[in-house]
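Enquirer: show me how the following folds:
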Amino acid sequence: MFGWALVFFIVAVVAGLLGFTGIAASMAGIAQIIFYIALILLVISMISRAVQGKSIL
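Expert: Numbering: from 1, shown residues only. Predicted structure coming up:
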């Protein structure tokens, strides 16, 4: 349990550093591109599984 608390604390500190230094604003465009690429890959994967006759979920 302490391990998870430590992980979330580190994530919060890193997020705070990125947010307060302005790096997060410049990374938003890159994150949006990566999101759309992942979404397209998800749809392709689901279509591929449906064509093969396997369960989508």
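Enquirer: use CA for all of it now, contacts and neighbours both
Expert: Will do.
Enquirer: I'd like the mean pLDDT over the helix or strand where Arg49 lies, please.
Expert: When elements are assigned from DSSP states H and E, Arg49 belongs to helix 23-52. Per-residue pLDDT over helix 23-52 has a mean of 89.
Enquirer: check the offset of that helix from the chain's centre.
Expert: Remark: helix 23-52 is offset 9 Å from the chain centroid, using CA atoms, centre = their mean, to the nearest Å.
Enquirer: that one: which residues count as buried?
Expert: Met46 (16 or more other CA atoms under 10 Å).
Enquirer: residue nearest the centroid of the chain?
Expert: Geometric centre of the chain, nearest residue: Phe35, 6.9 Å, by CA atoms, centre = their mean.
Enquirer: so how far is Gly29 from that residue?
Expert: Phe35 is 10 Å from Gly29, where distance means CA to CA, to the nearest Å.
Enquirer: same thing with Ser48?
Expert: From Ser48 to Gly29 the distance is 29 Å (CA to CA).
Enquirer: likewise for Arg49?
Expert: 31 Å.
Enquirer: and if you look at Met1?
Expert: As for Met1, its distance to Gly29 is 35 Å (criterion: CA to CA).
Enquirer: same question, Val43
Expert: Note on Val43: its distance to Gly29, by CA to CA, is 22 Å.
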